[in-house]
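In: please find the sequence and the predicted model below.
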Amino acid sequence: MSSQVQTQVDIGVLGLKGLGAFSHVLAAISADNVAPMAMLQMEQLGAVFNVNGKFAAQVPELLTRTSAHPVGRLGLAVGWRRGDAVSLMAESAGGQAASLLSVCITNLYRKASVGDILCRLCDRLLPKTMPSASLTNLADVADLAASKLNRMGFGNVLAEQTMRVMSAYEQLEIDSPKNLLETPSVESIVEVFECLSHLTEEDSVVRVTGSYGILHILGIIVFMFPLDAIVTVESLIIQEGSSRRVVIEICASEPTQIQVEKELNQPPFLSLPIKAPEDYRAIRGDYSFAWEGWLARKLQLEFARYGAICTPRVLRACCNILVHIAPRFGIRSTDGDEIMSPRKGIEKLLGPYSHNRMEQVCQLVLLERPETFEVDFKTEWGNFVLSLEQGRERIRCLCSNCFINGWPARGIGSQEVSCPRYLVWKTIGKVLTAGLHCFLINVRGPVAVPGTLSGDDSVAYIIHKMLHVGTDTVFNYSPKLLQDVLTTFSGNGRGSISRSSGACTIFPTVLETFEVHPDGIFTFELRDGLYIFGGNRYYHSLSSTPASRPKAKESLQTGHSKVLPSSLGEHSATVVTLREGYNELLLQVSVHASGSYFRVDIASVIMGYMGLERARECHHELGSPLSDRYRNRVIITGVSRPRAPRLKLALAMTRSNAAAQFLCCEVGSLCLLLEGCCLDCGCEQAENRFDVLIVP
């Protein structure tokens, strides 16, 4: 009899020493700032859903995956650490189902609404005796789980289903309803999941009928219960699972109804309407996409929101515009007169095989290839507008201010916000801007991309200038470009040199080397995961500690000796350190050069490096001395103080030292790398245009 007695402990009376027995689990949870009760409650909630299909099968592996991609010499890695809090969700079927549920609702609703949805579901579906976590704590768990699973691409899945439905309407020659992609209210989506919980009962069938918001419901069902679903569009079957226990009937009826039925055609015992929210902007979230095809899927969803189809021709037209704009999107490291700035564009940042790279990126993110690089821009723009008009004939202007065949009028007031045509044009502009940023991205393995497109629509401004002002090249200040690229892939790039969206991290490739690239390439790395610091802590942001280098007061080379290319200005040592700040990691770079030890603001160096121009080659002897003609105009500098006083030109002597050449760059300076060029020709090219000549 005694062998059947099990040890029981009342954890309510455990002190701090008693809790030490659970230190491993508590350490994992507390490191991610997650409330243990919220995780328990989420696991219990997930247990009421019988999920299935390919996405459910991927969940255990994705939740428990570990990876660590080192970032050069920073002593830092991007990835997922072993035994993090969300990996505990993989240990049970309930935790896995709750994680899939988290992906769906975090893609459709803002964080406050996510917490509200989870609180209501727990209240309706879990025993009243179970302790409850707060709305905020539940939302935090959902956000954490979704971050690790978002690379499955809920946005891609939703876009694919949307295109199938839109194509079915086109095949039937019936206009599709324009409310298919509306966002159901919080109350309605709670009722949807309440109905879906009845799938645990063998004789229950869930039926959804109508059009309002039905594509979001379809996306949830295909993501969580694909084997149970049968989908029809005006009675035409477009998808059929093995059990057919979730029937989705898409038709132009109001309101959309969801009901639970018993088999044998008995009357429904639960029937609920899907309602519109009072203000969709207050609750609507943003889809996350897998990298492959993410911009194409974003455009397809935006067109479908207004009952139109984004055709392959539209996507090809976007590719054509992008490859025409890339050479005209200039970069400068000083905020000054465009005439005085280098003529460096995004195309130059991609290196000698820029066309091949742009073709490959277009194929990856827009699922099409550009047709030509040679057509005149105005001709290409006309083709672009024509393809758009054919793809969005049903998207009408309601504000009378949008151009019929061109970019929307700029600065026309708040009335433009509710105009469908204006909103589509604005999305196209942001998609094209994001496409330009994609040219600069190196992707390592599967990653999730946020679909917010919160960067500005720089392309709209470029096209406006090219078409109506006649400007050939539009320049962008390098700090702004850095911020815009980080924002596109993380949601917020202000004040950082690297950011994470929670699912992926983006940082400039030069952080891995701290050196000038031999081909002048400047790109970014996009990696799955977050920054891992101290072995057990995640961080979303990496910033540089501020520092400044004064201008050189005197030349490093004194006397009347000849000025020759040399390594006089290079540094002898670089020390890179990291420390924890408030919700961010702080990177500090210290350099020993010219008998002094000083700090360098690496953010300023990176932004200056983005605008680094290369001199035109000359046919003179590269090691020839500087002539007397320029001798009194220059001052010899180096890493410690690369800039010269006013009215002087700096010659930063960093021969054969790519790291020193990189450290001589600085935002606010126009730098010219004298590669393949003698000192005299470099000074001639720099006159009235550059302030620092970097001698390699």
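Out: Perfect, I can see it now. Since we're looking at a predicted model, the values are computed, not measured. Residues are numbered from 1 along each chain as shown.

In: only C-alpha atoms from now on, for both contacts and neighbour counts.
Out: OK.

In: ok, for Pro647, nearest residue in space, not its chain neighbours?
Out: Actually, residue 647 is Leu. It isn't Pro. Spatial nearest neighbour of Leu647, excluding adjacent residues (CA to CA, 6 or more residues apart in numbering): Arg633 at 7.7 Å.

In: contacting residues around the closest residue to Arg494 other than its chain neighbours?
Out: Excluding the flanking residues, the one nearest Arg494 by CA to CA, 6+ apart is Gln483, at 5.8 Å. Residues counted as contacts of Gln483 (CA atoms under 8 Å, 6 or more residues apart in numbering) are 492-496.

In: what about 10 Å?
Out: 455, 492-499 (CA atoms under 10 Å, 6 or more residues apart in numbering).

In: is it fair to say it lies in a helix?
Out: Yes - according to DSSP: H, G, I helix; E, B strand; the rest coil, Gln483 belongs to a helix.

In: any weak-confidence spans in the stretch 401-550 of the chain?
Out: 401-417, 454-457, 470-473 (pLDDT under 70).

In: next, give phi and psi for the residue most central in space within the chain.
Out: With distances taken as CA atoms, centre = their mean, Phe489 lies nearest the centre of the chain, 1.8 Å away. Backbone torsions of Phe489, given as degrees, to the nearest 10, read phi -110, psi 0.

In: you'd agree it is up against Leu526?
Out: Yes - counting by CA atoms under 10 Å, Phe489 does reach Leu526; the two are 8.3 Å apart.

In: Phe507 versus the residue nearest to Leu647, what's the distance?
Out: As judged by CA to CA, to the nearest Å, Arg633 and Phe507 stand 38 Å apart.

In: try Ser288
Out: Counting by CA to CA, the gap from Ser288 to Phe507 is 19 Å.

In: the two: which is more packed in?
Out: Ser288 (29 against 24; other CA atoms under 10 Å).

In: for the closest residue to the more buried one other than its chain neighbours, give its distance to Thr577.
Out: In space, and not counting its chain neighbours, Ser288 is closest to Pro450: 4.6 Å by CA to CA, 6+ apart. Plainly put, Pro450 is 30 Å away from Thr577 if you go by CA to CA.

In: more neighbours, the two?
Out: Pro450 (27 against 13).

In: for that one, give me its contacts.
Out: Contact analysis of Pro450 by CA under 10 Å, 6+ apart lists 107, 150-151, 153, 155, 286-291, 294, 487-491, 501-504.

In: mind redoing it with 7 Å?
Out: By CA atoms under 7 Å, 6 or more residues apart in numbering, the contact set of Pro450 is 287-289, 489-490.

In: check Ser242 too.
Out: 227-228.

In: also Leu586?
Out: 542-545, 578-580.

In: and those residues, which of them are buried?
Out: Among these, the ones that count as buried by 16 or more other CA atoms under 10 Å are 542-545, 578.

In: could you dump those to CSV with secondary structure?
Out: Shown next, in CSV, are the buried ones among the contacts of Leu586 (three-state DSSP):
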residue, secondary structure
Leu542, strand
Ser543, strand
Ser544, strand
Thr545, coil
Leu578, strand
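
In: now tabulate the residues you listed in CSV and tack on distance to Gly83.
Out: What follows is the buried ones among the contacts of Leu586, written out as CSV (distance: CA to CA, whole Å):
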residue, distance to Gly83
Leu542, 23
Ser543, 27
Ser544, 30
Thr545, 31
Leu578, 24
